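Colleague: Sequence first, then the predicted structure, then my questions.
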Amino acid sequence: LVIIPWVFLWMFSSSILGLARFVRFQYQVVRISIDVLTLGVLSVLIQLEEWFAIAVRGLHACMRKSYREQCLLERNLRQASTFVEYREAEMALTRLKEAQRFHCRRRPSFGRLQRACSAEEHLEVLHSELDRIVALDGDGDQDLSLLEPLLVDQAGGIEWSRVPNSE
């Protein structure tokens, strides 16, 4: 009675080991199939994200002329086949980016500057206003509140008489 289970185990040990190996192999196959399915789902999500980004860029290009020009210049840069074409596209893109960098981000509230302007244009308007004020009042006692809209985005509320050295 004591020997029979050991004999039974000895006779069927190869079958038991084969079954254990088969179960372990099936477990590894299931893990690999889950990983493959996960990678498939992730690749579909990445493709959807790229399509969405392309659609958003297209809408942005339709709405903004400067962005459309930048996209066209970047495409020309990518599709350049010779060095001359590449250099021309690169220089055009650099000029566009520099021109965009100098433009004002916010429109001033002052009536003479209703459109976005570069820093140089803003300084020209400021100088012309200073010249106009000096011409109106030769001794320079003109109220500085006339210049306030040119110097700040939201004019109003500054009492120049209380500001130190405002004379």
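Modeller: Yep, it's here.

Colleague: Quick check on the residue nearest the centre of the chain: phi, psi?
Modeller: For the chain, the residue nearest the mean C-alpha position is R57 (10.7 Å; CA atoms, centre = their mean). R57 has phi and psi values of phi -60, psi -40 when expressed as degrees, to the nearest 10.

Colleague: List the contacts of it.
Modeller: C71 (CB atoms under 8 Å, 6 or more residues apart in numbering). The C-beta positions use only the backbone N, C-alpha and C, and glycine is treated the same way.

Colleague: Just the pLDDT at it, thanks.
Modeller: On pLDDT, R57 comes in at 83.

Colleague: again with the one 3 residues further on
Modeller: You'll see H60 listed with a pLDDT of 82.

Colleague: what helix or strand is it on?
Modeller: helix 3-63 (DSSP states H and E).

Colleague: Toward the C-terminus, what is the element adjacent to that helix?
Modeller: Using DSSP H and E, the helix or strand that follows helix 3-63 towards the C-terminus is helix 65-79.

Colleague: What are the buried residues along that following helix?
Modeller: The neighbour-count check on helix 65-79 (16 or more other CB atoms under 10 Å) flags 69-70, 73, 76-77 as buried.

Colleague: Which elements pack onto it?
Modeller: Judged by 3 or more CB pairs under 8 Å, 6 or more residues apart in numbering; DSSP states H and E, helix 65-79 is in contact with helix 3-63, helix 83-101.

Colleague: what is the rounded mean pLDDT of the shortest one?
Modeller: Translated: helix 83-101. pLDDT averaged over helix 83-101 gives 83.

Colleague: Which secondary structure elements does it sit against?
Modeller: Taking 3+ CB pairs under 8 Å, 6+ apart as the contact cut, helix 83-101 packs with helix 65-79.

Colleague: Next, the angle helix 83-101 makes with the helix it packs on.
Modeller: Put simply, helix 65-79 runs at 160 degrees to helix 83-101, going by axes from the mean of the first three to the mean of the last three CA atoms, to 10 degrees.

Colleague: which outside residues touch helix 65-79?
Modeller: 57, 60-62, 85-86, 89-90, 92-93, 96-97, 100.

Colleague: Out of these, grab the one that's most surrounded.
Modeller: When neighbours are counted by other CB atoms under 10 Å, A89 leads the contacts of helix 65-79 with 19 neighbours.

Colleague: Return the residues in contact with that one.
Modeller: 73, 76-77, 80.

Colleague: Dump stretch 92-103 to CSV, keeping only the CA atoms.
Modeller: Output in CSV follows, covering the C-alpha atoms of stretch 92-103 (Å, rounded to 0.1, in the frame of the first residue of the first chain):
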residue,chain,number,x,y,z
ALA,A,92,12.5,82.1,-46.2
LEU,A,93,11.5,80.2,-43.1
THR,A,94,14.0,82.1,-40.9
ARG,A,95,12.8,85.4,-42.3
LEU,A,96,9.2,84.5,-41.5
LYS,A,97,10.0,83.4,-38.0
GLU,A,98,12.0,86.6,-37.3
ALA,A,99,9.1,88.7,-38.7
GLN,A,100,6.6,86.9,-36.4
ARG,A,101,8.9,87.3,-33.4
PHE,A,102,8.9,91.1,-33.6
HIS,A,103,5.2,91.5,-33.9
